[in-house]
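# the following block contains a protein sequence and its predicted model.
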Amino acid sequence: MITITESAAKHIIKSLEKRGKGIGVRVGVKSSGCSGMSYTLEFVDTVTETDDVFEGFNAKVIVDVICLPYLAGMELDYTRKGLQEGFEFNNPNVKDACGCGESFTV
């Protein structure tokens, strides 16, 4: 299960409207960084049979079943802190993260 905060949902919907198409965003993981893994985020135009779709506040987050064990229980948020803004991945599966916060270990 992936949960989506209202703030994240608003940003997803606004981004899709600006883009002019799409049904949601795909969240995944890839090997990267000094801790081993990093998140991926991309627009989705079609859902495949290996995708799970999670919905909250009328926004959809799509996760390939291969990535789901790394993301299960995660909350996707969108925050603004000073001049910085972006998606925040509140993932209970993370065991350790690098100092810059760009990569993590599960």
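Everything's here; your move.

# is residue 8 in a helix, a strand, or coil?
helix (DSSP: H, G, I helix; E, B strand; the rest coil).

# who's in contact with it?
Shown in contact with residue 8 (Cβ atoms under 8 Å, 6 or more residues apart in numbering): 56, 59, 76-78, 87. In this view, the C-beta of every residue, glycine as well, is placed from N, C-alpha and C.

# may I ask which of the residues you listed has the most neighbours?
residue 76 (27 neighbours; other Cβ atoms under 10 Å).

# would you agree that residue is in contact with residue 6?
No. Residue 76 sits out of contact with residue 6 when judged by Cβ atoms under 8 Å, with a separation of 11.1 Å.

# so who does the residue in the chain sticking out farthest from the centre touch?
Relative to the C-alpha centroid of the chain, counting by Cα atoms, centre = their mean, residue 82 is the outermost residue, at 21.6 Å. The contact partners of residue 82, taken as Cβ under 8 Å, 6+ apart, number zero.

# change the start of the numbering to 30 and stick with it
Okay, residue one is now 30; in that scheme the one you just asked about reads as residue 111.

# would CSV of the contacts of residue 37 with pLDDT, distance to residue 98 and secondary structure be doable?
Below are these laid out as CSV (pLDDT from 0 to 100; distance: Cβ to Cβ, whole Å; DSSP: H, G, I helix; E, B strand; the rest coil):
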residue, pLDDT, distance to residue 98, secondary structure
85, 98, 21, strand
88, 98, 23, strand
105, 98, 17, strand
106, 98, 21, strand
107, 98, 24, strand
116, 96, 20, strand
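
# beta partners for the nearest residue to residue 67 once chain neighbours are set aside?
In this structure, residue 67 finds its nearest non-sequential neighbour in residue 61, 4.0 Å apart by Cβ to Cβ, 6 or more residues apart in numbering. Beta-bridge partners recorded for residue 61 (DSSP bridges): residue 65.

# isn't residue 61 up against residue 68?
No. Using Cβ under 8 Å, residue 61 makes no contact with residue 68, being 9.2 Å away.

# higher neighbour count, the two?
Each of residue 61 and residue 68 has its neighbours counted (other Cβ under 10 Å); residue 68 has more, 20 against 14.
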